[in-house]
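turn this into a model:
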Amino acid sequence: MISGIHSALSGLTAIQKKIESNANNVANINTDGYKKTRVTLQEKEPQGIEAVVQQIQTAGPMVYEQTSGGETLIEKSNVELSEELPSMMLSRRFFQANLKTVQVQDEMLGNLLDIKS
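Below you'll find the model as predicted:
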């Protein structure tokens, strides 16, 4: 039973890292040259989930901007809001599911202790 709580807590921690990555990407959507990060979830032995963060090196759109030296070609951020928002919504649901698992495990443990006493 404790292993179920441990697995759900590792899931909560991993999803939290995924949400933080999405939030950081959205916050830097207008930062020139910013490279987005992606979090992938991997199974961790003997149980649980691990979040692996990697920076995506694809180039952002190139635009001409007026600078003191004339027009210069500037690379914009490679973050796309159309990818980030659905990812955040999914992460929210994953977080809720793992939280519900912790709550159910807590209830089961409480009921078991009530039976024992």
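
can you pull out the helices in this structure?
Per DSSP state H, the chain carries helices over the ranges 2-27, 81-116.

show me the contacts for the spatially most central residue of the chain.
A centroid search over the chain (C-alpha atoms, centre = their mean) returns Lys18, at 0.9 Å, as the residue closest to the centre. By C-beta atoms under 8 Å, 6 or more residues apart in numbering, the contact set of Lys18 is Val39, Leu41, Ala51, Ser87, Ser91, Phe94. For every residue, glycine as well, the C-beta is placed using N, CA and C.

try Ile74
Asp32, Gly33, Met62, Val63, Tyr64, Glu65.

could you redo the last one with a cut-off of 7 Å?
The contact partners of Ile74, by C-beta atoms under 7 Å, 6 or more residues apart in numbering, come to Asp32, Val63, Glu65.

next one: the nearest residue to it once chain neighbours are set aside from Pro86, what distance?
Leaving out its chain neighbours, the residue that sits closest to Ile74 by C-beta to C-beta, 6 or more residues apart in numbering is Glu65, at 4.9 Å. According to C-beta to C-beta, to the nearest Å, Glu65 stands 30 Å off from Pro86.

in stretch 88-102, what counts as buried?
Met88, Ser91, Phe94, Phe95, Asn98, Thr101, Val102 (16 or more other C-beta atoms under 10 Å).

hang on, the earlier thing: can you tell me how far the residue nearest to the centre of the chain is from Arg92?
With C-beta to C-beta as the criterion, Lys18 and Arg92 are 10 Å apart.

could you find the closest non-adjacent residue to Asn24?
Leaving aside its sequence neighbours, Asn24 sits nearest to Thr37 (C-beta to C-beta, 6+ apart; 6.8 Å).

that neighbour contacts Val53, correct?
Yes - look at Thr37 against Val53 with C-beta atoms under 7 Å: they come within range, at 5.5 Å.
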